[in-house]
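Chemist: this is a predicted model, with the sequence first.
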Amino acid sequence: MTMLKRLSLAFVLSSAITCCPLLAQTTASSPPDVPTSRRFGQPCWEQAGISSSVMPQLRQIHQAMHTQAEAVYSDSSLTSQQKQQKIRQLRQEAYHQVDALVGLSN
């Protein structure tokens with residue numbers, strides 16, 4: 001998978017992960033005469049062919065990467081270059097996990 005495709009997939013998944021709670025909050029306050037399916041359309045993860053049953057696992061991957069990245073950033077024993085390298089490795093691992101989960105690997 002090319003880097004551009006991976007970045008696009010990561011963006012779509014991150015957007016879906018972070019936007020779902022916001023959509024849940026806004027749909028509760030939306031006017032009853034406006035159907036939410038027409039207002040917002042099909043979720044991007046559905047358009048990409050990703051099953052709703054996969055979303056919790058994608059959230060776990062995203063959260064684990066975020067937690068590990070925070071630990072790297074707060075590690076004062078590492079140089080800036082070492083931190084960047086570790087973050088790259090974390091992202092690469094997360095991309096591989098997502099690829100395996102949604103079946104988009106080469």
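Modeler: Structure received.
Chemist: by mean pLDDT, flag the weakest helix or strand of this protein.
Modeler: Every helix and strand of the chain was ranked by mean pLDDT, DSSP states H and E. The lowest is helix 3-28, at a mean of 56.
Chemist: which parts of this protein are helices?
Modeler: Remark: helices assigned in the chain by DSSP state H are 3-28, 36-40, 44-47, 55-74, 80-102.
Chemist: what is the rounded mean pLDDT of the second one?
Modeler: Along helix 36-40, the predicted confidence averages to a pLDDT of 59.
Chemist: now the third one
Modeler: Helix 44-47 carries an average pLDDT of 76.
Chemist: buried residues in stretch 96-106?
Modeler: 97-99, 101-102, 104 (16 or more other Cβ atoms under 10 Å). The way it works is simple: take the backbone N, C-alpha and C, and place the C-beta from them, glycine included.
Chemist: mean confidence for it?
Modeler: Summarised as a single mean, pLDDT over stretch 96-106 is 75.
Chemist: cool, stretch 51-62 as well?
Modeler: 87.
Chemist: okay, buried residues for it please.
Modeler: For stretch 51-62, burial by neighbour count (16+ other Cβ under 10 Å) applies to 55, 58-59, 61-62.
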